[in-house]
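*Asks:* mind folding the following:
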Amino acid sequence: MIETRIPRTACTSLLLVALLLLGIVALAEEPHSSDPGKSFGGAYDSTQEITIAGIVQEIISHPAHGGAVGLHLLISTGDKTVDAHVGPFLSQENREALAPGESVEIVGVNSTSHGQSLFLVRQLIVGKRQITVRNQRGFLVRPAPQRATQINKPVVNGGAQ
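*Replies:* From the prediction side, this is the model:
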């Protein structure tokens, strides 16, 4: 009987390759989102969308440990307070439009995260400004980058004089 021994480094390499392939398969099965942290895409059912009007009571930039990452608005609707999740991608201009006491309208769905009620905002309306927070499937939307204008920019080097 001939006995073959596989070197230990070969076994280790095969094990690493197998683990890597399992990791790739696991990642391929996860839903992808523009939010690198957690995605509520699977929990968002656009057929359950509702519109809520209320007053911003508080703006929370850093939620408690375990809470959904990103900006939250605590909105008073008269009979209750809603924790409205708008995520981390709101532009500075849109953040500045929000203030306690401001009337807002939010469109989205009720959800639960870590045992707490949460309203996933798809659209936020502040004054005449409509802000898209999520797409129809519930994935957070990043605002388009602002392009710098080059009107009346002085020529530093290489310009014909």
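*Asks:* where does this protein dip in pLDDT?
*Replies:* Low-confidence segments of the chain (pLDDT under 70): 1-42, 66, 146-161.
*Asks:* what segments of the protein are strands?
*Replies:* Taking DSSP state E, the strands of the chain run over residues 50-60, 71-76, 81-87, 103-113, 116-126, 129-132.
*Asks:* for Ala97, find the nearest of those strands.
*Replies:* Nearest to Ala97, of all those, is strand 116-126, at 5.0 Å by CB to CB. Where C-beta positions appear, they are placed from N, C-alpha and C, glycine not excepted.
*Asks:* so what are the sheet partners of that closest one and their directions?
*Replies:* Strand 116-126 pairs in its sheet with strand 81-87 (parallel), strand 103-113 (antiparallel), strand 129-132 (antiparallel), by DSSP bridges.
*Asks:* can you list the buried residues in the last one?
*Replies:* In other words, strand 129-132. Using 16 or more other CB atoms under 10 Å as the burial criterion, the residues of strand 129-132 that qualify are Ile131.
*Asks:* and what of the longest one?
*Replies:* Of the residues in strand 103-113, those buried by neighbour count under the rule 16+ other CB under 10 Å are 104, 106-109, 111, 113.
*Asks:* of those, closest to Ile52?
*Replies:* Among the buried residues of strand 103-113, Ile106 lies closest to Ile52 (CB to CB), at 5.2 Å.
*Asks:* that closest one touches Leu124, doesn't it?
*Replies:* Yes. Using CB atoms under 8 Å, Ile106 is in contact with Leu124, at 5.6 Å.
*Asks:* what do these two both touch?
*Replies:* Residues touching both Ile106 and Leu124 by CB atoms under 8 Å, 6 or more residues apart in numbering: Ala84.
*Asks:* residues in contact with Gln130?
*Replies:* 123-124.
*Asks:* the same query, at a cut-off of 10 Å, please.
*Replies:* The contact partners of Gln130, by CB atoms under 10 Å, 6 or more residues apart in numbering, come to 105, 107, 123-124.
*Asks:* could you do Leu120 as well?
*Replies:* Listed by CB under 10 Å, 6+ apart, the contact set of Leu120 reads 40-41, 43-45, 49, 68, 84-87, 106, 108-111, 113, 133-134, 138, 140.
*Asks:* could you turn the buried ones of the residues you listed into a PyMOL selection?
*Replies:* Selection of buried members from the contacts of Leu120 for PyMOL, criterion 16+ other CB under 10 Å:
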select buried, resi 40+41+44+49+68+84+85+86+87+106+108+109+111+113+133+134+138+140
